[in-house]
Structure formats: C-alpha cells, structure tokens
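S.K.: Starting from these lines, generate the structure:
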Amino acid sequence: MRRRDLLCAAAGTLSLPAVTRRTTAQPAYEPLGRVPLDGATEVVVSDDGRTAFLAATTGFGTVDLSDPRNPRVLADRRNLLAGHENGPLRDIRDVKLAGDRLAVVGPANPNAGIDAMVLYDVSDPADPERVAVHETDYAIHNAFLTDGRAYLSQFDGETVGMTIVDVANDEPERVGRWSILDEPDWGEIPLFPATVHDIWVQNGMAYIAHWDAGTWLIDVRDPSNPTAITRIGGLAPDELASLSGEALRRAQLVPPGNSHYVTVDDDAAIMGVGVESWAVEGEGGPGGITLWDIASPQNPEELATIDAPPTPAPSYGGLWTTAHNFDLKEGRLYSSWYRGGVKIHDVSDPANPEEIARWRRTENTSFWATVLAVPGEFFVGCSWNQYGELPQAYLYTFPDRAGPAPESTTLATDRNATARNEPTARSTTTNRDATTANGSVPTTGSTGGTEATSNGTGGGGSAGAGPGFGVPAALGGVGLAAWRYLRRNDESKRR
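M.R.: The predicted structure is shown next:
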C-alpha cells in the first residue's frame, strides 16, 4: 500500500492531527551509490530491475544493479559498426530493451555518418552479442521496443515521422510508417519545430512527443496502417505554418508546445508529458511535467502540472532545470531535471501530486533520465556531463522511499552565468532546493564499482548533439541541418 493510501485509511479511524502520525524522523534523502560511464545519457532497466542498459554517445554500457549500493559496469561497448561505410555509429543517445533484446539507435541528430538501429542479445549482459543491423536514411533521436517491433523517430531534414520495424526475425523489416505531414491540415508546417522527439508504445497505442506540434496518440495495432486518435497541446497547424526566422527559433524555446517526453502509467489511464523549455527575454522558462487523464483517449483531461525546480539563469545558455526523461510507475513519478536533480512524487491521486523526495547537486550533476528499478527498493538516475561542463557521467542509484531533502550549505548558483551574460539576481532558491559544494556521493552509500575499459574514444565531451536536437541548433528540437537552413534563410532575406 502506497503512503497516500495508508494515510487515507488511517484518516477514517483516527482523529489525531497529522503531525502526530510521524513517530520517527526520516533520514535525509541521499543516493545509495553510483558508477561512472563515459558519455552516458539514457538508461533503461531489465524486467527484474537488477541490470541497467545505458546509451553512451559513442556506444552503450550495461551495469549490474544486484547491489544498488555498489553498481558495477559489466560491459562497455564502443565504436559500433566501425567497419561499415560511414561508420562508426555516432551520437548514440537512446537505447531500449524488450526481454533479452536491446536496441541501440543513432545518430540522435542528422550528420554525415551511418544511420542505424543495432540489435543485441543481452541475455548475458556482461557479453552483449550483436544479432542484427537495420540501416536507415534518417537520424534516429529516440526509439521504443516492444512486442517484436521497434518504433523509430524519423528526421532527415525533408520529413518527420515514426517508422515501425519488425524485429522478430534475423532481418529487421519496415512494416509501417506514420507522419504528421499526412494528416489533414498538417502538410504545410515547417519540419523543425515539429520533430518526433520521443515515443512510448503500450498496448497498441503509440504516444508521440512532437515538440511544438504537441503530443499525439496513434493507434498502432495494425502497424501497416497507424491511425491518429487525438492530439494534446501544442500549436495549431496554421500557427506553425506562419512561423519563420526569429519567431520560429523563439517558438522552439518557449511554450506552448515543446512536448519533449511522454509516458503512461501501468494501465495507461494517466499520461505524463514533459515540456523542455527555456526563457527568452523574460518569456517562458523551465518546463514542467503535466499529468493527463487518458482513460478515454479521445477525451483527455488535464489533471495537474509539476513545475520545474528554480534556476537563477533560465535561458538556453544558462542553468538548465527543465524537465527531462521520467518514469510513471506504481503510483509514483520519478523525474529528472538536469541541474535541478531528481524527484519522487506520489501521484496515486494524480490531480494532487505530492513531492515526497528530492536530491539536487547543481554544480556536479545534470540528470538526463530516471527509471524505477525495483519498487520499494531503488530507482536509477543517469547524470550526463552536459557538453563537457561536468567532468564525468554517472549512473546513480536512489532509494525508493520518502525522505526529507538533505541540509545544504550554499544556494544553487551557476558559476558560468556571468560568463554567459546570464542574470544571476533571479535566484529565489530556498534551502530545500539548494546544493552543497560537495557533489560526491555521501558516505552513507558506497560510490562502488569500477569504470570499464572503453575500446573507443570516450563520450564525455561536447561533441555531437544535445538534449533536443543539437547545439547550437537544438533550441528545442531542430538539429544542425535545421540550424543551417534557418541561417541560410535569414541570410537570403538580408541580400
């Protein structure tokens, strides 16, 4: 029974004030352990929660979580497809797992290298075995793997969409495709603010975070004929079609839109949509996570929004605390907020989410993703090195429990804010949101583990793409090709 259910049950039999229900003080909320892995970004876990699989920019890694206080790298694979023309596979920002199959996809952004999904047998996570390669002619920013099919985001500068690939056999084969451009009234929109950023698939429904085009629900039970069910949020097609130049770039930074990540709970009754956004000249700011009732997918109902942690420098060049990837399981929301740390919310009453734990070390961590591993025991969070601003990427383990935030000694500040010409006077961070100068894992949990030897070039630098679709182009999901296109357009108008 979850905490909120227990309290509700108790309320029916006791009339004591809530304060008297706490009999012992909870220890401060801290990580259990961590382990380094160069270039790590996205993380997924095995069905039993005892193994993690991580995208690592120049490859991927597997981590033993059997002792969450001492996570241990099992395998660190780099230079995938190095022997192929235009190889190796670069800018790997996503992996997905289904049973003993792992899909490793890339590049996250259009470039001159090979575009592909590589499938591995990870029944022995210490020795992943490559079983198939599916080459594409488009970048794959994110993917999903379930029921013998892979769902790949498609972006090549000419079209946007989702491709469905049958991976049940040794030779993966495309069996379907859906594109917003084929929907009525959507054929004339500019591509770059309407990229397919992330995909979640469950029980025959695909949930697509489509940036400024909102969040789409697509029936994929017949993969040869995906059918749009509804769209939630974002800009209307005529509004998108009217954008150009500076207005187009601005739209990709600030809401409405900026649908970045989407997932649903265990029975697909509640959907969470994360907005990745920043401030531009006082407009906008860090995006949060909105919960929706989608028990009737055709009639979604907005329930609540969880705001982003505060930041003294909310623009794209400042200190990021906007929402990133999260997990919605077992009546709880496990969320990552870049420099804003990680949080747990009790969402057993999704209209009234309650924060029950948080951890933030602004100067030393930037969390890309959080995933529940073993309910009631621990979840994992991946802190990337954010373009080389941080010295190392780590996989952290955190207890799956409520607890007060640890005491802090300094307010959350951005040491680079002045250099970036960012305003630093906006900070209203309280002690609960503050950080300590010491970013190390506390002594209550072993840092544990050893860094596996890489057979590649590492992945911790600033090369490659960013959280949306690249820097400086990303700005909410555009990519280098898009940035160059916009720049050429501006230059031609000035001629």
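S.K.: what ranges do the helices span in the stretch 201-350 of the chain?
M.R.: With DSSP state H, counting those that start in this stretch as the criterion, the stretch 201-350 of the chain has helices at 237-241, 245-251.
S.K.: Out of those, the one nearest Ala52 is which?
M.R.: The closest approach between Ala52 and any of those, judged by CB to CB, belongs to helix 245-251 at 35.8 Å. Yep, even glycine has a C-beta here, placed from its N, CA and C like the rest.
S.K.: If you count neighbours, what's buried in that closest one?
M.R.: By neighbour count with 16 or more other CB atoms under 10 Å, helix 245-251 contains the buried residues 248-251.
S.K.: Next, format the residues you listed as JSON lines and append pLDDT.
M.R.: Below are these laid out as JSON lines (pLDDT from 0 to 100):
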{"residue": "Leu248", "pLDDT": "93"}
{"residue": "Arg249", "pLDDT": "93"}
{"residue": "Arg250", "pLDDT": "94"}
{"residue": "Ala251", "pLDDT": "93"}
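S.K.: and of those residues, the nearest to Gly285?
M.R.: Using CB to CB, the buried residues of helix 245-251 come closest to Gly285 at Arg250, 13.5 Å.
S.K.: Give me the nearest residue to that closest one, chain neighbours excluded.
M.R.: Val280 (5.5 Å; CB to CB, 6 or more residues apart in numbering).
S.K.: Contact partners for the one you found?
M.R.: 250, 253-254, 315-316 (CB atoms under 8 Å, 6 or more residues apart in numbering).
S.K.: measure the residue lying closest to Val275 once chain neighbours are set aside to Trp278 for me?
M.R.: Nearest non-adjacent residue to Val275, counting by CB to CB, 6+ apart: Gly287, 3.0 Å away. Distance of Gly287 to Trp278, given as CB to CB, to the nearest Å: 8 Å.
S.K.: try Met162
M.R.: Met162 is 26 Å from Trp278, by CB to CB.
S.K.: Next: Asn203.
M.R.: 34 Å.
S.K.: Of these two, which one has the most company?
M.R.: Using other CB atoms under 10 Å as the criterion, Asn203 and Trp278 rank with Trp278 on top: 25 against 10.
S.K.: Test my guess that the more buried one contacts Thr311.
M.R.: No: between Trp278 and Thr311 there is no contact under CB atoms under 8 Å: 9.5 Å.
S.K.: how about the most centrally placed residue in the chain, phi and psi?
M.R.: The centre of the chain sits closest to Asn325, judged by CA atoms, centre = their mean, with a distance of 2.5 Å. Main-chain torsions, Asn325, degrees, to the nearest 10: phi -70, psi 150.
S.K.: Give me the common contacts of Trp278 and Thr311.
M.R.: 286, 318, 320.
S.K.: Let me see the contact set for the first one.
M.R.: Okay, so that is Pro286. Pro286 neighbours (CB under 8 Å, 6+ apart): 277-279, 308-309, 311, 314, 320-323, 337, 340.
S.K.: Output those in a markdown table; the columns should cover distance to Leu291.
M.R.: Listed next are the contacts of Pro286 as a markdown table, based on distance: CB to CB, whole Å:
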| residue | distance to Leu291 |
| --- | --- |
| Ser277 | 17 |
| Trp278 | 22 |
| Ala279 | 23 |
| Ala308 | 15 |
| Pro309 | 18 |
| Thr311 | 22 |
| Pro314 | 23 |
| Trp320 | 22 |
| Thr321 | 19 |
| Thr322 | 17 |
| Ala323 | 12 |
| Trp337 | 16 |
| Gly340 | 18 |
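S.K.: Quick check: the two most widely separated of these?
M.R.: The most widely separated members of the contacts of Pro286, counting by CB to CB, are Ala279 and Trp337 (15.4 Å).
S.K.: Nothing else from me, thank you.
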